[in-house]
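>>> Give the three-dimensional model of this entry:
(2 chains)
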Amino acid sequence: NAGVTQTPKFRVLKTGQSMTLLCAQDMNHEYMYWYRQDPGMGLRLIHYSVGEGTTAKGEVPDGYNVSRLKKQNFLLGLESAAPSQTSVYFCASSFSSFYTQYFGPGTRLTVL
Amino acid sequence: GQQVMQIPQYQHVQEGEDFTTYCNSSTTLSNIQWYKQRPGGHPVFLIQLVKSGEVKKQKRLTFQFGEAKKNSSLHITATQTTDVGTYFCAVGPGDGTNAGKSTFGDGTTLTVKP
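Residues are numbered from 1 along each chain as shown, chains lettered A, B, ... in the order given. Next comes the predicted model:
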């Protein structure tokens, strides 16, 4: 049981480049989440999904897109990266609403 | 959206001293969860509180949910160096809206001097 995995672990982008972060979970969870964590600001919800084929906006969705084509995968896309998107990105999953969230190890993204 | 304030932001203690962090909301909560994040790591679930006035213990950690379900506290007795990290609360709204959208506090970062 790998739990929640994220790829890549680290990435450096130039302004304007695009990339996709992949999150995978093997716990058959319905809910999946993408957060960003900046120093001193806690975890801010970017987008989330309550089931395969669904997505919804979180607190800070601008500049990001997501897709949940398969239940076990949740993709986060940056179409045109900006320095303000430099952050650590965490994916999480849970069985249902307000159940325990299991977090992945994070992706550290730097945009130059 | 849901607002939650966590205090203090930082706490430095001598090993063996006690530590408390508080999570406060202006609205009634359906539940509250506590997570711990070690330096360089990812948040890990500690506990969930659901009932008004609920108190739960995990070894040296005591978690409490306020009677009005608007605040919560995490208390660590006799801190150890293994307690270092950032402690987050995560709250769900009490009215059932925005199902699935927990809101995290900004966390309290604990450092322990040996």
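>>> Enumerate the residues of chain A near chain B.
Within chain A, the positions lying close to chain B (Cβ under 8 Å from any Cβ of the partner chain) are A:31, A:35, A:40-45, A:48, A:50, A:56, A:58-59, A:90, A:92, A:97-98, A:100-106. In this view, the C-beta of every residue, glycine as well, is placed from N, C-alpha and C.
>>> Just the buried ones among those residues, please.
A:31, A:35, A:42-45, A:48, A:50, A:58-59, A:90, A:92, A:97-98, A:100-106 (16 or more other Cβ atoms under 10 Å in any protein chain shown).
>>> What is the burial count for residue A:18?
Residues contacting residue A:18 under the criterion other Cβ atoms under 10 Å in any protein chain shown number 10.
>>> Could you pull up the residues touching residue 18?
You didn't say which chain, so I picked chain A. By Cβ atoms under 8 Å, 6 or more residues apart in numbering or on different chains, the contact list for residue A:18 reads A:77-81.
>>> Can you look at chain B instead?
B:75-79.
>>> coming back round to it: including distance to residue A:18, neighbour count and pLDDT, could the contacts of residue A:18 go into a markdown table?
What follows is those, written out as a markdown table (distance: Cβ to Cβ, whole Å; neighbours: other Cβ atoms under 10 Å in any protein chain shown; pLDDT from 0 to 100):
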| residue | distance to residue A:18 | neighbour count | pLDDT |
| --- | --- | --- | --- |
| A:77 | 7 | 14 | 98 |
| A:78 | 6 | 20 | 96 |
| A:79 | 5 | 12 | 93 |
| A:80 | 6 | 11 | 96 |
| A:81 | 7 | 21 | 96 |
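>>> In a markdown table: the residues you listed, plus distance to residue B:48.
Formatted as a markdown table, those follow (distance: Cβ to Cβ, whole Å):
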| residue | distance to residue B:48 |
| --- | --- |
| A:77 | 32 |
| A:78 | 32 |
| A:79 | 36 |
| A:80 | 39 |
| A:81 | 36 |
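>>> Can you list which of those residues are found in helices?
Under the assignment DSSP state H, the contacts of residue A:18 contribute nothing to helices.
>>> Among those residues, which ones are in strands?
A:77-78 (DSSP state E).
>>> Return the set of residues that bridge with the residue nearest the centre of chain A.
Note on chain A: the residue nearest the mean C-alpha position is residue A:34, at 3.0 Å, using Cα atoms, centre = their mean. As for beta bridges, residue A:34 partners with residue A:47, residue A:91 under DSSP bridges.
>>> Touching, it and residue A:64? I think so.
Yes - here residue A:34 reaches residue A:64: they are 7.4 Å apart, a contact under Cβ atoms under 8 Å.
>>> Strands of the chain, start to end?
Just so you know, I chose chain A. Counting by DSSP E, the segments of chain A that form strands are A:4-7, A:10-13, A:19-25, A:31-37, A:43-49, A:56-57, A:65-67, A:73-78, A:87-94, A:102-103, A:107-111.
>>> Please refer instead to chain B.
For chain B, applying DSSP E gives strands covering B:4-7, B:10-14, B:19-25, B:29-37, B:44-49, B:55-58, B:61-65, B:71-76, B:85-93, B:103-104, B:108-113.
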